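>>> Okay, sequence plus prediction incoming.
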Amino acid sequence: MFTPDLIQARVRQHPFVPMRLVTTSGQSYDIYHPDLIMVGRRDLIIGTASAKHPTQYEQVTRVAILHVTELRDLPVPSQPTSADGPA
């Protein structure tokens with residue numbers, strides 16, 4: 001079972017590692033930035049990222065911590081490189 005402290009520690013990890021949060025219903029939420037999740041004592045507020053501003057949300061979803069079954073690491077998105085490649 002996940003606790004608010006455990007989830008908050010995972011969100012505050014440096015560097016932040018994107019994660020997929022899975023619930024008892026099988027629904028999943030991909031979180032690519034720590035600003036898009038708020039941890040409460042009983043629930044999480046998860047922001048759906050804006051396409052234009054990926055650190056700002058378009059809408060939010062509340063998920064009861066009781067229903068969180070899994071936190072999976074996601075691959076870190078690669079940074080674009082110049083046409084010449086890395087220096």
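All right, it came through fine. Residues are numbered from 1 along each chain as shown.
>>> Centroid-nearest residue for this protein?
residue 31 (2.2 Å; Cα atoms, centre = their mean).
>>> My read is that it contacts residue 38, right?
No. Between residue 31 and residue 38 there is no contact under Cβ atoms under 8 Å: 11.0 Å. The way it works is simple: take the backbone N, C-alpha and C, and place the C-beta from them, glycine included.
>>> helix/strand/coil for the closest residue to residue 59 other than its chain neighbours?
Excluding the flanking residues, the one nearest residue 59 by Cβ to Cβ, 6 or more residues apart in numbering is residue 48, at 5.0 Å. Following DSSP: H, G, I helix; E, B strand; the rest coil, the label given to residue 48 is strand.
>>> for residue 48, what are its contacts?
By Cβ atoms under 8 Å, 6 or more residues apart in numbering, the residues touching residue 48 are 36, 57, 58, 59, 60, 61.
>>> Closest one of those residues to residue 16?
Residue 16 has its nearest neighbour among the contacts of residue 48 in residue 36, at 10.5 Å by Cβ to Cβ.
>>> pretty sure that closest one contacts residue 46?
Yes. Residue 36 lies in contact with residue 46 (Cβ under 8 Å); the separation is 6.7 Å.
>>> neighbour-wise, which of these two wins?
Legend: neighbour count by other Cβ atoms under 10 Å for residue 36 and residue 46, higher for residue 36 (21 against 18).
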